[in-house]
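> Quick check, what structure comes out for this input:
(one chain, ligands or ions: 1)
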Amino acid sequence: MIGIEIVELTPTNLTDVPEHCKCCIYWEYPEAFDQGKRSKDDLLSFKRDWLNRARASFGCCGRIAYVDGIAAAYVQYAVPELFPRIAEYLTGPPSSDAVFISCLFVPQDRYRGRGLGRQLLESILVDLRNRKFGAVETFGRRGTADNPSGPIEFYLKNGFSIVQDDSDFPLLRLDLHGKVPNKHIHRTDDKVVSGETDNHHC
Ligand SMILES: CC(C)(COP(=O)(O)OP(=O)(O)OC[C@H]1O[C@@H](n2cnc3c(N)ncnc32)[C@H](O)[C@@H]1OP(=O)(O)O)[C@@H](O)C(=O)NCCC(=O)NCCS
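As a prediction, this is how the structure comes out:
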């Protein structure tokens, strides 16, 4: 894929986020999500509220990957306290030193399986290493990719290990300051270099 640009999620570009993600408050506001029947505008304003809170307390907490100007993938992450839904997962809570990846999604089939998810993940690992976080964790899903952050295989192929196993949602972890486990990562001056047009703004 050419023309890939990865940028920090901000209140300004929130409206660019793929529909499925920008109107989803599953992790952030479980009660409101479970009540259902809310307008898209309502959901977007919940998301904006969360984004403002998360940026104020945690900093950069999401990224959008544009392919030829189209928002093709989205990732969202922050300290676990900013995602109350975590309390419902049997394999939680995530470790106290870990940043939690709540969502990593490539909505359209045509952009999947071409390295975009990996590039987005790598970009946040660089960001979190620079910010001196110790680890990143997520609930991957076993048996299907249908999960906010995707299937366990994606994470296992990107250097994560299962730290709390389960038949549905194992907790996966990557230590950020151990050896770099991913053969696909090449870094110069802390930037991901993929041979494509990447801009990382966090
Ligand atoms: C899972 C997802 C984020 C991966 O992103 P991607 O750009 O397609 O994946 P990549 O091309 O970067 O793949 C990286 C590695 O993970 C593997 N991988 C990716 N998706 C996989 C899947 N569904 N199952 C198994 N392995 C997978 C790839 O084979 C690749 O491995 P390799 O190193 O051996 O080549 C993306 O495919 C996606 O969002 N799928 C939909 C998931 C979904 O339904 N989510 C519901 C959200 S509510």
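> Quick check: beta-bridge partners of the spatially most central residue of the chain?
The centroid of the chain falls nearest to Val75 when counting by C-alpha atoms, centre = their mean (3.1 Å). For Val75, the beta-bridge partners under DSSP bridges are Arg63, Leu104.
> so where do the helices sit in the chain?
For the chain, the helices defined by DSSP state H cover 19-22, 30-35, 40-57, 116-130, 152-156.
> Quick one: the strands in this structure, in order.
4-8, 62-67, 70-78, 98-105, 135-139, 161-164, 171-175, 187-188, 191-192 (DSSP state E).
> Format those as TSV; extra columns: mean pLDDT and distance to the ligand.
Heads up, the C-betas are built off the backbone N, CA and C, glycines and all. Output for these, formatted as TSV (pLDDT from 0 to 100; distance: least, C-beta to the nearest ligand atom, whole Å):
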stretch	mean pLDDT	distance to the ligand
strand 4-8	97	11
strand 62-67	97	9
strand 70-78	97	7
strand 98-105	98	4
strand 135-139	98	11
strand 161-164	98	15
strand 171-175	98	13
strand 187-188	30	17
strand 191-192	31	13
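> Any idea which residue of the chain lies closest to the ligand?
Evaluated by C-beta to the nearest ligand atom, the chain has Gly117 as its residue closest to the ligand, separated by 2.2 Å.
> ok, that residue - contacts?
By C-beta atoms under 8 Å, 6 or more residues apart in numbering, the contact set of Gly117 is Ala73, Leu104, Val106, Gly150, Phe154.
> Pull up the residues of this structure that are close to the ligand.
Contact residues (C-beta under 6 Å from any ligand atom) of the chain with the ligand: 104-106, 112-118, 145-148, 150-151, 153-154, 157.
> pLDDT weak spots in this protein?
For the chain, the stretches with pLDDT under 70 are 1-2, 179-202.
> Neighbours of the spatially closest residue to Pro170 that is not a sequence neighbour, how many?
Once flanking residues are discounted, Pro170 sits nearest to Ile162: 4.6 Å by C-beta to C-beta, 6 or more residues apart in numbering. As a burial measure, Ile162 scores 16 neighbours (other C-beta atoms under 10 Å).
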